[in-house]
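Engineer: 3D, please:
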Amino acid sequence: MKRDLTGETTEKIGKEVTLYGFVKSRRDHGKLIFFDLRDDFGLVQIVANPANSKDSHKIASTLSSEDVVKVIGKVGKRPENNINPDLPTGKIEIIASKIELINKADLLPIPIEGDGYEIDEAVRFKYRYLDLRRSRLQRNLKERAKIVKFVREFLDSKDFIDIETPYLSKTTPEGARDFVVPSRLAKGKFYALAQSPQQYKQLLMIAGFERYYQIARAFRDEDLRADRQFEHTQIDLEMAFVEREDVMKIVEDMVIFAAEKLGKKIAKKPFPVLSYKEVRDKYKTDRPNLSTDKNELFFLWVLDFPLFEKTESGQYTFAHNPFAAPKEESIKDLMEKKNLDNLQSLQYDLVCNGEEIGGGSIRINNPEIQKQVFRIMDYNEVEIEKQFGHLLSAYQYGAPTHGGIALGLDRLAALFSGEDNIREVIAFPVSSSGVTSVMDAPSELGEEQLKELNLKIS
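Structural biologist: All right, here's what the predicted structure looks like:
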């Protein structure tokens, strides 16, 4: 199919072009009809003149906003008094010789001009495919895609290997409720959607892949807020034979590379490094916002987190995840179950403008240390074997020292785009009440599906 793009028309003055796109707006000036044609690459003015084509003029007179059309015409220079300096194609126009209406658009249920913040969220998400025509959201999603592009470019250049890990996995305690999936073949048993690739990427280190990464989906059934969705995307990586600072250096260089490629202003390089105690004492939070200019990105690292924290019931649980390694000086007390409130881990968090962008750690690679962590968290030997026996078994065949991190792509994209809510950088998010865009899920299952899965709703 012959097709020219609107962004290319400025280089084709005097030539015939074939354009496809949406009608942005139409203006009737007596005999002449003007309308703007929008495609994914820009906007250009179309002129329908009855002296040039009566049929085209007739069709142009019936057009309305968001109609989908094909236009064939010659690229000409605009008159001096009609030049639009704010438009990349503002010096030219297309004199239509043929206009074809591909699809008529009904009156839109929501406006797509402006930023759209004032429109009720439920309505926006019901018509998300229209909401996404908004220039702000088009810009956000394109910038998000560029972040991924530059992250891949950087990591590939550092010999990382992109490896996919399963979404269907086993339910494990990683800090949030699991989404569970009933098995049709194994009646009464369930998969869990992976909260992260955590154990799989550790197994890849044992398998001998020393530098892994993945743009991974993660699923967590947790309360929704501005920086949380049921499913999110993370820039996930792991490295073997490294210390804490090695992982931090790679991640810092990667973030700087992507940010600067996108023209973002970074407040301080290298990123400041603060202790958990320091930020808690001084800023009363473990993710301080040290930025002073709205357009700057102030990244910093927070280190020396507690290995454990206590639940409301007084039971010990992990502060990061159960696989974070203790600092060397904490191992003796850990094994003797002493001074547990003061043990420190090799965890590191990346913070930007008051948001936690990523968290990682050097991992435990000694099965006895790993078992002791689970025991302190009140797991008995049977539970440890049932939940984590596969990982502990793998450790027995040679586990390198290793560590990694997961960066929240949605949060990073929101910061880069100047958005306060990650839903503004996700194509089809769930609403604050957990309803999916357009598809109106969750929904009920039919009786046949329930029977096939051996499920009953009580």
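Engineer: could you point out the longest strand in the chain?
Structural biologist: strand 16-29 (DSSP state E).
Engineer: in the helix or strand that that one is followed by, what's buried?
Structural biologist: Once the chain leaves strand 16-29, the next helix or strand it forms, by DSSP states H and E, is strand 32-39. Neighbour-count burial for strand 32-39 flags 33-39 (criterion: 16 or more other Cβ atoms under 10 Å). In this view, the C-beta of every residue, glycine as well, is placed from N, C-alpha and C.
Engineer: Give the next helix or strand downstream of strand 32-39.
Structural biologist: Next helix or strand after strand 32-39 toward the C-terminus (DSSP H and E): strand 42-48.
Engineer: and the angle for that next one with strand 16-29?
Structural biologist: Interaxial angle, strand 42-48 versus strand 16-29 (axes from the mean of the first three to the mean of the last three Cα atoms, to 10 degrees): 70 degrees.
Engineer: Give me the angle between strand 42-48 and strand 32-39.
Structural biologist: 150 degrees.
Engineer: Now find how far off-centre strand 42-48 is within its chain.
Structural biologist: 34 Å (Cα atoms, centre = their mean, to the nearest Å).
Engineer: same check, this time on stretch 187-204
Structural biologist: Stretch 187-204 sits 20 Å away from the centroid of its parent chain (Cα atoms, centre = their mean).
Engineer: Could you do stretch 31-40 as well?
Structural biologist: The answer for stretch 31-40 is 35 Å, by Cα atoms, centre = their mean.
Engineer: got a list of contacts for that stretch?
Structural biologist: With contacts defined as Cβ atoms under 8 Å, 6 or more residues apart in numbering, stretch 31-40 is touched by 5-6, 19-27, 43-51, 57, 60-61, 63, 69, 71, 93-94, 138.
Engineer: same question for that stretch, mean pLDDT?
Structural biologist: In this model, stretch 31-40 carries a mean pLDDT of 96.
Engineer: Begin at 47 from now on, thanks
Structural biologist: I'll keep to 47 as the first residue from here, and by that count the last item is stretch 77-86.
Engineer: What strands flank the least confident helix or strand in the chain by mean pLDDT, and is each parallel or antiparallel?
Structural biologist: Every helix and strand of the chain was ranked by mean pLDDT, DSSP states H and E. The lowest is strand 362-364, at a mean of 87. Take DSSP bridges as the rule and strand 362-364 pairs in its sheet with strand 354-356 (antiparallel).
Engineer: Give the rounded mean pLDDT of the strand it pairs with.
Structural biologist: Across strand 354-356, pLDDT averages out at 90.
Engineer: Could you pull out the strands in the stretch 197-346 of the chain for me?
Structural biologist: Ranges of strands in the stretch 197-346 of the chain, per DSSP state E, counting those that start in this stretch, are 207-208, 214-215, 226-228, 236-239, 257-265, 277-286, 311-312, 319-321, 342-343, 345-349.
Engineer: So in that sheet, which strands flank the fifth one, and in what orientation?
Structural biologist: Strand 257-265 has these partner strands in its sheet, going by DSSP bridges: strand 207-208 (parallel), strand 277-286 (antiparallel).
Engineer: Among the ones you listed, single out whichever gets nearest to E498.
Structural biologist: Proximity to E498 (Cβ to Cβ) singles out strand 277-286 among these, at 24.8 Å.
Engineer: what residues does that closest one touch?
Structural biologist: Contacts of strand 277-286 (Cβ under 8 Å, 6+ apart): 197, 201, 206, 242-243, 247-248, 250-251, 255-266, 292-293, 296-297, 404, 446-456, 458, 468.
Engineer: And those residues, which of them are buried?
Structural biologist: So, by 16+ other Cβ under 10 Å, the buried ones in the contacts of strand 277-286 are 197, 201, 206, 242-243, 247-248, 250-251, 255-266, 293, 296-297, 404, 447-456, 458, 468.
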